[in-house]
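Chemist: generate coordinates for the sequence data below:
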Amino acid sequence: MQVRTLSDHAGDMARRARAEREAQHDRAMAEYRAALAARSRRVGELRAQTVAARRAGQWRAWLQHCRSRLKHALSAAPKKPRMPGRSEEEVRWSTGAAGEQRVEQILAAALDDGWILINGYRNRNGEVDQLLVSAHGLLAIEIKYMSGIIHCLDGAWTREKVGGRGGLQGQNWPIMDRGGRSPGDQVNSVAGRLQRFLRRRDMDVRIARAVVLAHPNARLGHMEQHGLDLIATCEYLVADVLIAHMTPLPESVDVDALVELIEQDHHFNARKHKQRGRQAGSQRKRKGQ
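Modeler: Numbering: from 1, shown residues only. From the prediction side, this is the model:
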């Protein structure tokens, strides 16, 4: 299987969150070292004052300096900071990246070089984790890395958490992104827009849509009216299963040309996304002034 990476958003965000956490620790360590140095200087100052008072025979001053030295010695020393634990955001992005890597590894073991995996395609409707392309068709894949029993009823996705001993820890936890979209909504929105784009470019391609549950302890629960072609755990990611849920490309559509067009569309939309982000940032700064 050939792999093309257009974006590694989850990995980038996880690395950024880790870098921010490490930078926070570095700042705390710098403050700690500065506090240690200041404490050491104060010890030296108090010692010098005590010695000077003793040599001058100023016993009252000597006694006061001794008391100051004792009080300083008994005061709390600066506490060495610990590396902060991973934030909820870093954990979320890290697990997302782990899920994408696991699916890529499984697909690479199952598929030959006639298949192309595109990581991180983006258009105006958002980003889909993976696109799988071959003469057998085009499949958009949204990946969720979470344990438990996953259900979908009439487009609403929920999760039952399972404890270490197999007992249920909670029911009906909703699964959605920050915009309130379910996994099915996410992949359908992006794939639908890409499909319309390709058809305007004379590539009459149907994009199949899938949600893959990448966590080893994920299980499928009730799945009804989900509006997708495939919902699967990783053990079902074999060629025969994928082909059965895909629509073959028309003979007029060349795989390499299709991939090139998808990459062009991604780069166009990625530039637009950055421009919108910069404009939004400028507007927030103006409002804050």
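
Chemist: all helices of this structure, in order?
Modeler: Secondary structure of the chain (DSSP state H): helices at 9-55, 59-74, 88-110, 183-200, 239-244, 255-288.

Chemist: the shortest one: which residues count as buried?
Modeler: This means helix 239-244. Residues Leu242 are the ones in helix 239-244 that count as buried (16 or more other C-beta atoms under 10 Å). Bear in mind the C-beta positions are built from the backbone N, C-alpha and C, glycine included.

Chemist: ok, the fourth one next?
Modeler: For helix 183-200, burial by neighbour count (16+ other C-beta under 10 Å) applies to 183-191, 193-195, 197-198.

Chemist: only alpha carbons, please: show it as CSV.
Modeler: Extracted C-alpha coordinates of helix 183-200, given in CSV (Å, rounded to 0.1, in the frame of the first residue of the first chain):
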residue,chain,number,x,y,z
PRO,A,183,-18.6,10.5,13.7
GLY,A,184,-21.1,9.8,10.9
ASP,A,185,-21.8,13.5,10.4
GLN,A,186,-18.1,14.2,10.2
VAL,A,187,-17.2,11.8,7.5
ASN,A,188,-20.4,12.3,5.5
SER,A,189,-20.0,16.1,5.5
VAL,A,190,-16.4,16.0,4.2
ALA,A,191,-16.9,13.1,1.8
GLY,A,192,-20.1,14.6,0.3
ARG,A,193,-18.3,17.9,-0.5
LEU,A,194,-15.3,16.0,-2.0
GLN,A,195,-17.7,13.9,-4.1
ARG,A,196,-19.4,17.0,-5.5
PHE,A,197,-16.0,18.6,-6.2
LEU,A,198,-14.8,15.5,-8.1
ARG,A,199,-18.0,15.3,-10.2
ARG,A,200,-17.6,18.9,-11.2
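
Chemist: which other helices and strands contact that helix?
Modeler: Judged by 3 or more C-beta pairs under 8 Å, 6 or more residues apart in numbering; DSSP states H and E, the packing partners of helix 183-200 are strand 116-123, strand 126-134, strand 137-144, strand 207-213, helix 255-288.

Chemist: mind giving me the packing neighbours of the longest one?
Modeler: For helix 255-288, the packing partners by 3+ C-beta pairs under 8 Å, 6+ apart come out as strand 116-123, strand 126-134, helix 183-200.

Chemist: just checking the distance from it to the centre of its chain.
Modeler: Put simply, helix 255-288 sits 19 Å off its chain's centre (C-alpha atoms, centre = their mean, to the nearest Å).

Chemist: contacting residues around Asp229?
Modeler: Asp229 is in contact with 139, 208-210, 245-246, counting by C-beta atoms under 8 Å, 6 or more residues apart in numbering.

Chemist: where does this protein have low pLDDT?
Modeler: Residue ranges of the chain with pLDDT under 70: 163-170, 279-289.
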